[in-house]
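[1] structure for the following, please:
(one chain, ligands or ions: 2)
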Amino acid sequence: MTDFMKTLSIALILLLPSLANGAMTIRNYSAARHYRFYTGSDKNFIGTLYDFSGVGYSSDGRWATLVSDNYFISAYHYHPELAKTVTFNATNKSGEIPYTYTVAGGTRIGTTDLWIGWFSTAVDSSIERYPVLTLSDNEDYNGLVLFNYGATNRVGKNVVESICSSYCGGSTGFVAEYDYDNNDAPSVGGDETYLITGDSGAPSFTVVNSSLSLLGIHWSHTHSTAVEGASSYDSFVPEYVDEINTVLAEKTQSLQLSVPVPEPNVIWYLMIIAGALILQRHRHALQ
Ligand SMILES: [Ca+2]
Ligand SMILES: [Ca+2]
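    Ligands and ions are numbered 1, 2, ... in the order given. Predicted coordinates:
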């Protein structure tokens, strides 16, 4: 059975808000490790090396991820409404240097659960605009480690199981699936995430060239609570780069695209191989 067929046979549930929004499930949650705005002296935030400033939160309790000067991405079924405000924090300290902007407009991407919103003014340059990771084959995303952002400003990890087509709540589109089974390669240990209501529209990133690149926007899941073997689903942003750029072109903006460059140790390895080959040729010449 192909991934495409497999996913269509599963009943997915929208990450709709309940009356009291919960918090993204993290297997061994600890505030010191997983809460971005933790204030204790024992803070040991797993995302401390990375810039989460471009993840905003709206006055109506929705998520917005900045991708260019004026544009952000959210979920069609749960996005900031027009005239609401979105606040970005420049640091991982709550309330320090917040920047707030009013949502001026927005549009859905085709029949997907992606929604592109915009502000009438450019967001302050201290706030991160995330690039989108574009690889040549969708199978190349399998096994990538994700940093999942969710309610309430929590960050955990998971691993992409598959990229496939899906539908849920009247939307269709490509998804990145990641499971909750305590059995991933590479292992993410107690940082493993499961999306619940209130997480819709928040982002999943992967680290490319030491910085965060956007991969997904939270959409749906298989179970309302974290049970072993359940799966979470993000709208798979790389599939929709052209459609998103058509929207951004209105303000002559476009997505940044990230492409991995080899790690330094890979480059060293290649140089050593090349050196060995040259030596071997030289030896041959002496014989
Ligand atoms: Ca997993
Ligand atoms: Ca797994």
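[2] so who does the closest residue to Ala122 other than its chain neighbours touch?
    The shortest distance from Ala122 to any non-neighbouring residue, by CB to CB, 6 or more residues apart in numbering, is to Asp69 (3.9 Å). For glycine as for every other residue, the C-beta is placed from the backbone atoms N, C-alpha and C. Residues in contact with Asp69 (CB atoms under 8 Å, 6 or more residues apart in numbering) are Ala122, Val123, Arg129, Lys251, Gln253.
[3] which SSE is Asp69 in?
    Assessed by DSSP states H and E, Asp69 sits outside every helix and strand.
[4] distance of it relative to Val247?
    13 Å (CB to CB, to the nearest Å).
[5] what's the overlap in contacts for these two?
    By CB under 8 Å, 6+ apart, no residue touches both Asp69 and Val247.
[6] count of residues packed around the nearest residue to Ala90 once chain neighbours are set aside?
    Sequence neighbours aside, Ile97 is the residue nearest to Ala90 in space, at 4.0 Å (criterion: CB to CB, 6+ apart). Residues lying near Ile97 (other CB atoms under 10 Å) number 13.
[7] from what I can see Ile97 touches Ile127, true?
    No. When contacts are counted by CB atoms under 8 Å, Ile97 is not listed as touching Ile127 (9.4 Å).
[8] shared neighbours of the two, which are they?
    Shared contacts of Ile97 and Ile127, counting by CB under 8 Å, 6+ apart, come down to Ala90.
[9] rewinding a little: run through the residues that contact the residue nearest to Ala90.
    Asn89, Ala90, Thr91, Ser126.
[10] ok, so of those residues, who is nearest ligand 1?
    Asn89 (28.0 Å; CB to the ion).
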